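Trainee: Pasting the sequence and the predicted coordinates here, then a few questions.
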Amino acid sequence: MKKSKKAERFMESFIRTFTRRQERANTQKEEEDGNSLEAIAVKEQKVFRYETLATATHDFNPRYKLGEGGYGPVFKGKLGDGREVAVKRLGRGSTQGKREFSNEAMLLSQVQHKNVVNLYGYCVHGDDKLLVYEYVPNESLDKLLFSKENKNGELDWKRRYDVINGVARGLLYLHEDAHTTIIHRDIKAANILLDEKWTPKIADFGLARLYPEDQTHVNTRVAGTTGYMAPEYVMHGLLSTKADVFSYGVLVLELITGQKNSSFTPRPHGQSLREWAWKLYKKGQSLEMIDPDMRPSAVADQITVCVQVGLLCTQPDPKLRPDMNRVMVILSKKSSLDELSIPGITGSTFQSSYWGESYSSSTFANASSSKASTAGSVSTSLSQSFTSSSNASTSNT
Ligand SMILES: Nc1ncnc2c1ncn2[C@@H]1O[C@H](COP(=O)(O)OP(=O)(O)OP(=O)(O)O)[C@@H](O)[C@H]1O
């Protein structure tokens, strides 16, 4: 009896010592990783001194404030080397530790693509966390697309088509080609900036990574924006790259129609932008939905393909939405696809107020199972015919 107590004590002490050693080793490794990331960041000049940013923005002078979003104010600045920057001062909602923030910011500052706003680097100064972006001189897309005063016919079809293509390329990069899969979660016209050549740049990417989702402060912010969020994300918290595909589809329909999805007006029977677009598409009247402001520059074939893309991407079932790779393939086609039978909305059992549409609850319930709902089976045939046509086009290119 005594012997077994002794053995028990020995085992306990052995496990304690072993666990402590293991923890020490892990902490050391983490520190080494952190230090080496920090070292790389310094070497690559991703870490900015606070004083540098204060000088660049004239002490964060309100006169240099570009605006303020959900994450905090953004200031325009000019670095000593002449680069113009936008400095985003993150609000205190981010309780991330210094090293955790630096690691994430360091990873994000490796992201480089023509259609993604370049994050030059970051700075942690006491409680202040700052992100330093390339300055993108033209307005954000929403200001040009939705505000009548700003329109002046600048956003003709060619520019809109370039935005549709550019954002698709940027998203494909974030989803598949960046060192880590980045789901944006908040693709919308306000987060697309236009540079001096009207090249679209996806902004605010990766902010969800810098603000962990469990921070109640940003829950609603991180969850996205009304009207752009995929139903499976809103209703079941299912997050995948397909959530971005959905938001992208909404953006495409907005670019074609000039209508803001969330305040869509011509809705005879309370229909949403997508329902309206779908009905016109089914009647072969896609061109009737185009924004009157860009009618003179419209290219019918391209618009028809884009309407199809918008409708495919906003299908309620994420499995049936194309991924961004496939979107690129469709966009690269010169003529419209064969008629699509994009699923209608059948067997509505509840209303989704954010989107203003009714969805079949079974569509959601089966989102992650292979059992197809009524709507699902219709769209499966769509997807199949669609897959074969896109495959054909891949092999042609
Ligand atoms: N890199 C940048 N270059 C130029 N202007 C920028 C840049 N980043 C942001 N801005 C401007 O700063 C303002 C605030 O941007 P921010 O991204 O913080 O918020 P938002 O996208 O308007 O709103 P929210 O964060 O709630 O989605 C916007 O007017 C935007 O046009």
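Mentor: Right, received. Where do you want to start?
Trainee: Could you show which parts of the stretch 51-200 of the chain are in contact with the ligand?
Mentor: 66-71, 74, 86, 88, 117, 133, 135-136, 140, 190-191, 193 (C-beta under 6 Å from any ligand atom). Where C-beta positions appear, they are placed from N, C-alpha and C, glycine not excepted.
Trainee: partners of the residue in the stretch 1-150 of the chain that the ligand sits nearest to in the sheet?
Mentor: Minimum separation of the stretch 1-150 of the chain from the ligand (C-beta to the nearest ligand atom) falls at Gly69, amounting to 1.9 Å. Assessed by DSSP bridges, Gly69 has beta-bridge partners Gly72.
Trainee: where does the stretch 101-250 of the chain have low pLDDT?
Mentor: 148-152, 211-224 (pLDDT under 70).
Trainee: Show the residue spans covered by the strands in it.
Mentor: Counting by DSSP state E, counting those that start in this stretch, the stretch 101-250 of the chain has strands at residues 119-125, 128-134, 192-194, 200-202.
Trainee: Adding distance to Phe48 and mean neighbour count, write those out as TSV.
Mentor: Shown next, in TSV, are the strands of the stretch 101-250 of the chain (distance: least, C-beta to C-beta, whole Å; neighbours: other C-beta atoms under 10 Å):
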stretch	distance to Phe48	mean neighbour count
strand 119-125	4	21
strand 128-134	6	21
strand 192-194	21	24
strand 200-202	20	26
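Trainee: on that earlier part again, and the residues of the stretch 51-200 of the chain next to the ligand, which are buried?
Mentor: 66, 69-71, 74, 86, 88, 117, 133, 135-136, 140, 190-191, 193 (16 or more other C-beta atoms under 10 Å).
Trainee: and which of those is nearest Thr180?
Mentor: Using C-beta to C-beta, Val117 is the member of those that lies nearest Thr180, at 17.4 Å.
Trainee: And that closest one, how close does it get to Tyr161?
Mentor: Here the criterion is C-beta to C-beta, to the nearest Å. By it, Val117 lies 21 Å from Tyr161.
Trainee: cool, Val124 as well?
Mentor: 41 Å.
Trainee: The residue of the stretch 1-150 of the chain closest to the ligand touches Asp204, doesn't it?
Mentor: Yes: shown here, Gly69 and Asp204 form a contact pair, counting by C-beta atoms under 8 Å, at 7.5 Å.
Trainee: circling back: determine which two of the buried ones among the residues of the stretch 51-200 of the chain next to the ligand are furthest apart.
Mentor: Between any two of those (C-beta to C-beta), the greatest distance is 20.0 Å, for Gly70 and Tyr135.
Trainee: Contacts only, for the closest residue to the ligand within the stretch 151-300 of the chain.
Mentor: Going by C-beta to the nearest ligand atom, the ligand is nearest to Ala190 of the stretch 151-300 of the chain, at 4.6 Å. The contact partners of Ala190, by C-beta atoms under 8 Å, 6 or more residues apart in numbering, come to 140-142, 225.
Trainee: same question, Tyr228
Mentor: Taking C-beta under 8 Å, 6+ apart, one finds 186-188, 246-247, 250-251, 261 in contact with Tyr228.
Trainee: Dump these to CSV, plus neighbour count.
Mentor: Below are the contacts of Tyr228 laid out as CSV (neighbours: other C-beta atoms under 10 Å):
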residue, neighbour count
Asp186, 24
Ile187, 29
Lys188, 25
Phe246, 24
Ser247, 27
Val250, 27
Leu251, 27
Asn261, 25
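Trainee: Closest one of the residues you listed to Arg9?
Mentor: Asp186 (55.7 Å).
Trainee: from memory that closest one sits against Ser247, does it?
Mentor: Yes: counting by C-beta under 8 Å, Ser247 is a contact partner of Asp186 at 7.4 Å.
Trainee: ok, which stretches of the stretch 201-350 of the chain are helices?
Mentor: 207-210, 219-223, 231-236, 241-257, 273-282, 300-313, 324-332 (DSSP state H, counting those that start in this stretch).
Trainee: ok, and which of those has the densest surroundings?
Mentor: Stretch with highest mean neighbour count among those: helix 241-257 (a mean of 26; mean count of other C-beta atoms under 10 Å).
Trainee: could you check the angle helix 324-332 makes with it?
Mentor: 30 degrees (axes from the mean of the first three to the mean of the last three C-alpha atoms, to 10 degrees).
Trainee: for helix 241-257, packing partners?
Mentor: On a contact count with 3 or more C-beta pairs under 8 Å, 6 or more residues apart in numbering; DSSP states H and E, helix 241-257 meets helix 157-172, helix 231-236, helix 273-282, helix 300-313, helix 324-332.
Trainee: hmm, try it at 7 Å
Mentor: helix 157-172, helix 273-282, helix 300-313 (3 or more C-beta pairs under 7 Å, 6 or more residues apart in numbering; DSSP states H and E).
Trainee: Let me have these in a markdown table, adding distance to Val234 as columns.
Mentor: What follows is the helices and strands packed on helix 241-257, written out as a markdown table (distance: least, C-beta to C-beta, whole Å):
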| stretch | distance to Val234 |
| --- | --- |
| helix 157-172 | 19 |
| helix 273-282 | 15 |
| helix 300-313 | 16 |
